[in-house]
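> quick one: sequence plus predicted model below, questions after.
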Amino acid sequence: MFLSVKELELRKIGFDRIFEPGQIEFTGEDLEQGSPLHAAGSAEMLPESGGQLRVWGSYTVEMAAQCDRCLAPVRYPLNATFDLYYRPASDVPEEEEVKIDAGEAEIGFYEDGLDLEDILREQVLLALPMQRVCNESCKGICPGCGRNRNETACDCKPGLDDRWGALREIKL
Ligand SMILES: [Zn+2]
Ligand SMILES: [Zn+2]
């Protein structure tokens, strides 16, 4: 859904939409959208602001990823709000651009308008933890025998992994 500046100059735009998995691009992030994403909110051009846009609302979705340590599926039910401000890209003087990149990450810029899908994608990525684990205490997969150490304890000792692997091969 494109939030066009031309339209926002005339009126506030409300949205209440369901995005099925696949409609918002999450590939390349090792993520899957596990449920439809429901987003509702509004976009408007703030009066007397020199063209500043505000987009706010809330969304719910369930995302799914693999545990970074044991590869088990991890589900992230998200239910969050957002309140974002965007300034016209043409308004930014060259030097200020650098300053804003460093400090004011919460301010974005637009040219002809904003893609609601892009905004939601960014919000979902921000809401997810950097490290995606099934459990803080997940023991992960043993590099020696490949067992999931949350399920099975193994006798592998750090540093002896290669020898154990070699032994098993001889037995086979
Ligand atoms: Zn895990
Ligand atoms: Zn092991």
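Yes, it's here. Ligands and ions are numbered 1, 2, ... in the order given.
> what's the burial count for the nearest residue to Arg149 once chain neighbours are set aside?
Distance criterion CB to CB, 6 or more residues apart in numbering; nearest residue to Arg149, sequence neighbours excluded, is Lys139 at 3.8 Å. Placement of C-beta: from N, CA and C, glycine included. Other residues lying near Lys139 total 14 when counted by other CB atoms under 10 Å.
> element containing Lys139?
Using DSSP states H and E, Lys139 falls within no helix or strand.
> by contact count, what packs against the biggest strand by length in the chain?
Counting residues, the longest strand found in the chain (DSSP state E) is strand 73-88. Applying 3 or more CB pairs under 8 Å, 6 or more residues apart in numbering; DSSP states H and E, we find strand 73-88 packed against strand 53-66, strand 107-110, helix 116-127.
> so Val61 is in contact with Ala80, correct?
No. The criterion here is CB atoms under 8 Å, and Val61 misses it with Ala80 at 9.2 Å.
> more neighbours, the two?
For Val61 versus Ala80, neighbours defined as other CB under 10 Å are more numerous around Val61 (23 against 13).
> wait, a strand at Ala43?
Yes. Under DSSP: H, G, I helix; E, B strand; the rest coil, Ala43 sits within a strand.
> that's a helix at Ser90, yeah?
Yes. Counting by three-state DSSP, Ser90 is part of a helix.
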